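**Student:** Sequence first, predicted coordinates after that:
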Amino acid sequence: MAVLTRPLAAVGARVLALFAMIGRVTLFFLETLSHVVRPPFYARELGVQVLQIGWLSLPVVGLTAVFTGGALALQIYAGGARFDAEAVVPQIVAIGMVRELGPVLVGLMIAARVTSSIAAEIATMKVTEQIDALVTLSTHPMKYLTVPRVLAALITVPVLVGVGDIVGIFGGYQVATGTLGFNPATYLKNTVDFLEPLDVISSLVKGAVFGVIAAVMGCQAGMNSGRGAQGVGRATKSAVEAAAVMILAANFLLTGVFFSL
């Protein structure tokens, strides 16, 4: 009997651990929200995080988007050629980048770059007792460490998504006009005419949600990391994994909300 129940017990333990993790993240997020609206506010730290999360992420976001847009144009052209529908390249590149690929790729890049950085930084501060020092100085760690990072991600990631959308469409434009023989003016007109305001709004909203997810997961993992170098490594790895999965899940839910029939 024990042989039969042991696998079920292992599955049950993993399910309970998953729900416990969801509960911890939810409580951490609610606590962060409670501190957002209460003073004191650390404007200088917020400015530093806007620079770190937003400005310094532009190169990787731009390179990712431009190559993705170019590859998307090539793939759509090759697929459309089978049905004599090569002319749909501008429209599909635009809607693909703005609705899905732009927000998701930027979100995953932020999870890889920012979530890992936040988790490692805060976990190291915990290991070296710098967080305890903040408490000794009557500075709440959530207010000084978590709130500026979450607000900075909320502000900057939608901007990064907008930049990624534009650069991705430009990458498709360069490939289509330089390699595939499309007329530049016609390509741009088809792109502008096909996009709707809801497409752009959904893209920016997704960026805001993905930014909050990336920052919250990094801060939560760092604040609850184990001791020593192994604890820092585990916190960083778990933060990036959880942020990436939650971003993809949130993308599915938001797409359903915005574009469900």
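**Tutor:** Ah, there it is.
**Student:** all helices for the stretch 101-250 of the chain, in order.
**Tutor:** 102-110, 116-127, 130-136, 141, 147-178, 184-194, 197-223, 228-259 (DSSP state H, counting those that start in this stretch).
**Student:** tell me the angle of the first one relative to helix 116-127?
**Tutor:** Relative orientation of helix 102-110 and helix 116-127, computed by axes from the mean of the first three to the mean of the last three C-alpha atoms, to 10 degrees: 30 degrees.
**Student:** In contact with residue 50: list those residues for me.
**Tutor:** When contacts are counted by C-beta atoms under 8 Å, 6 or more residues apart in numbering, residue 50 touches 152, 155-156. Where you see a C-beta, it was placed from the backbone N, CA and C, and this is true even at glycine.
**Student:** what residue ranges in this protein score low on pLDDT?
**Tutor:** By pLDDT under 70, the low-scoring segments of the chain are 1-4, 261.
**Student:** Roughly how far does the residue nearest the centre of it sit from residue 209?
**Tutor:** For the chain, the residue sitting closest to the mean C-alpha position, by C-alpha atoms, centre = their mean, is residue 107 at 2.3 Å. Counting by C-beta to C-beta, to the nearest Å, the separation of residue 107 from residue 209 is 9 Å.
**Student:** And residue 11, by the same measure?
**Tutor:** Counting by C-beta to C-beta, the gap from residue 11 to residue 209 is 30 Å.
**Student:** Counting neighbours, go ahead and name the busier of those two.
**Tutor:** Neighbour count, other C-beta atoms under 10 Å: between residue 11 and residue 209, residue 209 has more, with 21 against 10.
**Student:** what sits against the closest residue to the more buried one other than its chain neighbours?
**Tutor:** Spatial nearest neighbour of residue 209, chain neighbours left out: residue 250 (5.5 Å); criterion: C-beta to C-beta, 6 or more residues apart in numbering. Contact analysis of residue 250 by C-beta under 8 Å, 6+ apart lists 206, 209-210, 213.
**Student:** and if you look at residue 251?
**Tutor:** For residue 251, the contacting residues are 100, 103-104, 107, 206, 210, by C-beta under 8 Å, 6+ apart.
**Student:** Tell me the most packed of these, by neighbour count.
**Tutor:** When neighbours are counted by other C-beta under 10 Å, residue 103 leads the contacts of residue 251 with 32 neighbours.
**Student:** State the distance from that residue to residue 54.
**Tutor:** For residue 103, the distance to residue 54 (C-beta to C-beta) stands at 15 Å.
**Student:** Tell me which of the helices of the stretch 101-250 of the chain sits most buried.
**Tutor:** Ranked by mean neighbour count, these are led by helix 102-110 with a mean of 25 (mean count of other C-beta atoms under 10 Å).
**Student:** Check which helices and strands that one sits against.
**Tutor:** Helix 102-110 sits against helix 58-80, helix 147-178, helix 197-223, helix 228-259, with contacts defined as 3 or more C-beta pairs under 8 Å, 6 or more residues apart in numbering; DSSP states H and E.
**Student:** Go through these and name the closest to residue 23.
**Tutor:** Closest approach to residue 23 among these (C-beta to C-beta): helix 197-223, 11.5 Å.
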